[in-house]
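>>> quick one: sequence and predicted model below, then my questions.
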Amino acid sequence: MDAQVRSLAIVGGGPVGLAAAAHALERGLTPIVLEAGPQVGHAISQWSHVRMFSPWEYNIDKACGRLLQETGWNSPDSTQYPTGGELVERYLVPLRERTVLGQHIKTCARVTDISRVGFDKMKTKGRQSAPFEIRYRNGVEKSLVADAVIDASGSWFSPNPAGADGLNAVGECDLKDRLFYGMPDVRGKLRGRFARKAVAVIGSGHSAIGNLIDLVTLRDEAPETRAIWILRGDNPEKAFGGGANDRLAARGQLGSLFETYVKSGRLEVVAGFPTTHISRVGDQLRVGAGSACCGRHVVVDELVVSTGFRPDLSMLGELRISLDDAVEAPPALAPLIDPNLHSCGTVRPHGARELAHPEPGFYIAGMKSYGRAPTFLMVTGYEQVRSVVAHLAGDYQAAERTELMLPETGVCKLTAAGAEAAECCGGPPKLHADACCAADEAAKASGENGCGCSAR
Ligand SMILES: Cc1cc2nc3c(=O)[nH]c(=O)nc-3n(C[C@H](O)[C@H](O)[C@H](O)COP(=O)(O)OP(=O)(O)OC[C@H]3O[C@@H](n4cnc5c(N)ncnc54)[C@H](O)[C@@H]3O)c2cc1C
């Protein structure tokens, strides 16, 4: 074991933060998880009504599974798809309440800043051997020190704004409380707010699609409800995904169902609409593209902004971190996940090496490590922290080893620029001349039509 690393501070008690802590315990390190919310899985609890697209078998980290087995845990059926709420109640909460991990978790502890003890960002000499100082609020401001830090604080609480240029649309800041960001439970807790209303959803990722499908279902139950899809681009088909080719079947089905709804006219599509302004018109909201007063606009009762997420980097200002200037992921990881180049759900397995920053002993892992890219899977995060913790513990061989079993996906597709980068879907095919990439080759070898890239 690396003599310098004994204690590990982990920011965030989501699935990846808890996995990091479990791996740290197995390797004899002392972890402390600081979670901002009142319970572990606080971010996932905000979308507890949503059914996940990966089954249990991909949602449980191996080290966490081992801890739970020791307690006689009644493990869920690996083929079933939990909701977010079930993931928290059946997996994350038992980890805190029934295993030794509970002694290493502080809830209601929001990390605000991280630095090196006695070293601001500019000071270099001796920096490497100084421990980290982690400031957090737990009622009052507190501080702890640790030899290493993993930031697994996710990005759920820093959603992208409605503006097509990445800024808040003009007027959006003043209306924040009137808008909804994320995934409202429109058929459950928030039914009263959304039923029989004209509701627009901005965005074209999985969250936007999930919201629109829920709204169409609500429309079946309460027919005056209108579901309006506002998208920046002019090609709705890009949002349909890999359909039957998607190896995460539930995600493929969601895309196919959405396609059916769009094509049958059950939701209204406003395409090629770069949102620039949002204002109030009586009790309603006016969403505009191009101007506050005239030009294209949509008037709705409710507006849901589902334009993705971005990492909150505010707590990392005193650390030396290096991020890709577009994706905001570590530079070695960014080209593998940049949606401008590559929209595969499959990402080459990666760990400590790709996640390293100029600040030794500091890593960003989990959802936050993907920066603004939307394709993160928990199982990828579990592999990341397995490798990072192995590295911190001095087991460099294990850190370099790949143990990731990632479900392949047919939603991979390349733009022309991406094709030139030639990193698609596991790289070029080895044997079959008619396959466009390694994933396509594997799919064809197993009797399927292909992985779906070439169809796009
Ligand atoms: C609707 C939806 C459905 C999804 N479905 C799937 C799926 O089916 N399969 C899949 O693999 N992935 C899915 N994902 C992606 C999923 O969110 C991630 O895989 C997973 O939640 C990421 O885990 P994480 O631990 O990195 O981050 P999070 O789950 O976001 O956890 C981060 C934790 O950090 C805490 N935190 C934040 N800031 C601070 C701070 N300053 N100090 C202390 N604590 C802080 C938060 O409260 C939170 O508990 C889905 C995402 C969404 C939004």
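It's in.
>>> if we ignore the residues flanking it in sequence, what's nearest Ala373?
Closest residue in space to Ala373, ignoring its immediate chain neighbours: Ile337 at 4.1 Å, by C-beta to C-beta, 6 or more residues apart in numbering. From N, CA and C alone the C-beta is placed, and that goes for glycine too.
>>> spatially central residue in this structure, please.
Met367 (4.1 Å; C-alpha atoms, centre = their mean).
>>> let's verify that one: helix, strand, or coil?
helix (DSSP: H, G, I helix; E, B strand; the rest coil).
>>> ditto for Ile228
Ile228 - assigned by three-state DSSP - is strand.
>>> quick check: pLDDT value at the nearest residue to it once chain neighbours are set aside.
In space, and not counting its chain neighbours, Ile228 is closest to Ala200: 4.2 Å by C-beta to C-beta, 6+ apart. In this model, Ala200 is scored at 98, pLDDT.
>>> name the residues that touch the one helix or strand Ala200 maps to?
Per DSSP states H and E, Ala200 falls inside strand 198-202. Identification of contacts with strand 198-202 by C-beta atoms under 8 Å, 6 or more residues apart in numbering yields 162, 186, 208, 211-212, 215, 225-231, 270, 275, 284, 287, 298-307.
>>> for Lys62, see how far away the residue nearest to the centre of the chain is.
Applying C-beta to C-beta, to the nearest Å, one obtains 19 Å for the distance of Met367 from Lys62.
>>> give me the element the residue in the stretch 101-250 of the chain positioned nearest to the ligand is part of.
Per C-beta to the nearest ligand atom, the residue of the stretch 101-250 of the chain with the smallest distance to the ligand is Gly154, at 2.2 Å. When elements are assigned from DSSP H and E, Gly154 belongs to no helix and no strand.
>>> without its sequence neighbours, what residue ends up closest to it?
Met367 (4.4 Å).
>>> enumerate every residue touching the one you found.
So Met367 contacts 14, 16, 152, 154-156, 309, 376, 381 (C-beta under 8 Å, 6+ apart).
>>> so who does the residue of the stretch 351-456 of the chain found nearest the ligand touch?
Closest contact between the stretch 351-456 of the chain and the ligand, by C-beta to the nearest ligand atom, is at Gly366 (2.3 Å). By C-beta under 8 Å, 6+ apart, the contact list for Gly366 reads 12, 14-17, 152-154, 376, 381, 384-385.
>>> Val287 contacts Thr276, correct?
No. The pair Val287 / Thr276 is not scored as a contact, 9.2 Å apart, by C-beta atoms under 8 Å.
>>> residue contacts, Glu172?
Counting by C-beta under 8 Å, 6+ apart, Glu172 has contacts 161-163, 179, 278.
>>> number of residues surrounding the residue of the stretch 101-250 of the chain closest to the ligand?
Here the number of neighbours of Gly154 (other C-beta atoms under 10 Å) works out to 25.
>>> now do Asp301 against Glu403, distance only.
49 Å.
>>> do Glu86 as well
26 Å.
>>> could you do Ala162 as well?
From Ala162 to Glu403 the distance is 40 Å (C-beta to C-beta).
>>> can you pull the pLDDT of the nearest residue to Glu70 once chain neighbours are set aside?
Distances taken as C-beta to C-beta, 6+ apart place Thr99 nearest to Glu70, at 7.1 Å, with adjacent residues excluded. pLDDT, Thr99: 98.
>>> wait, Thr99 touches Gly72, no?
No. If you go by C-beta under 8 Å, Thr99 and Gly72 don't touch, sitting 11.2 Å apart.
>>> shared neighbours of those two, which are they?
In contact with both Thr99 and Gly72: no residue, using C-beta under 8 Å, 6+ apart.
>>> what about the two, which has more around it?
Relative neighbour count places Thr99 above the other of Thr99 and Gly72, with 21 against 7, counting by other C-beta under 10 Å.
>>> residues contacting that one?
67-68, 70-71.
>>> which residues of the stretch 251-400 of the chain fall in strands?
268-270, 277-281, 284-289, 296-300, 302-305, 362-364 (DSSP state E, counting those that start in this stretch).
>>> neighbours of the residue nearest to Ile321 when sequence neighbours are not counted, how many?
Excluding its sequence neighbours, the residue lying closest to Ile321 (C-beta to C-beta, 6+ apart) is His357, at 4.6 Å. By other C-beta under 10 Å, the residues close to His357 number 18.
>>> and the residue nearest to Lys62 when sequence neighbours are not counted, how far from Phe157?
Of all residues not flanking Lys62 in the chain, Tyr382 sits nearest, at 7.2 Å (C-beta to C-beta, 6+ apart). Distance check for Tyr382 against Phe157: by C-beta to C-beta, it reads 22 Å.
>>> those two: who's more crowded?
It is Tyr382, of Tyr382 and Phe157, that has more neighbours when counted by other C-beta under 10 Å, with 27 against 15.
>>> now do the same contact list for the more buried one.
Here Tyr382 is in contact with 15-16, 19, 61-62 (C-beta under 8 Å, 6+ apart).
>>> so Asp234 touches Gly272, yeah?
Yes. Under the criterion of C-beta under 8 Å, Asp234 makes contact with Gly272 at 3.7 Å.
>>> sheet-wise, list the partners of the strand holding Ala200 with their directions.
Partners of strand 198-202 in the sheet, by DSSP bridges, are strand 226-230 (parallel), strand 302-305 (parallel).
>>> output that strand as CSV, nothing but the C-alphas.
Extracted in CSV, the C-alpha atoms of strand 198-202 (Å, rounded to 0.1, in the frame of the first residue of the first chain):
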residue,chain,number,x,y,z
ALA,A,198,-50.5,22.9,-21.8
VAL,A,199,-47.0,21.6,-20.8
ALA,A,200,-43.9,22.2,-22.8
VAL,A,201,-40.7,20.2,-22.3
ILE,A,202,-37.4,21.6,-23.6
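>>> could you check the angle strand 277-281 makes with it?
170 degrees (axes from the mean of the first three to the mean of the last three C-alpha atoms, to 10 degrees).
>>> now find how far off-centre strand 198-202 is within its chain.
Averaging C-alpha positions (C-alpha atoms, centre = their mean, to the nearest Å) puts strand 198-202 22 Å from its chain's average.
>>> what do you get for stretch 174-182?
21 Å.
>>> same check on stretch 367-380?
4 Å.
>>> ok, Glu86 - how many residues close by?
Neighbour tally, Glu86, other C-beta under 10 Å: 18.
>>> angles on the backbone of the nearest residue to it once chain neighbours are set aside, please.
Residue nearest to Glu86 in three dimensions, not counting chain neighbours: Pro76, with 7.8 Å by C-beta to C-beta, 6+ apart. The phi/psi pair for Pro76 (degrees, to the nearest 10) reads phi -70, psi 160.
>>> quick one on the thing from earlier: shared neighbours, Val287 and Thr276?
Ala169.
>>> give me the more crowded residue out of these two.
Higher neighbour count among Val287 and Thr276: Val287, with 27 against 23, using other C-beta under 10 Å.
>>> so what's that one bridging to?
Here Val287, judged by DSSP bridges, has bridge partners Ile278, Val298.
>>> check contacts around it.
Per C-beta under 8 Å, 6+ apart, neighbours of Val287: 162, 169, 200, 202, 230, 275, 277-278, 297-300, 303.
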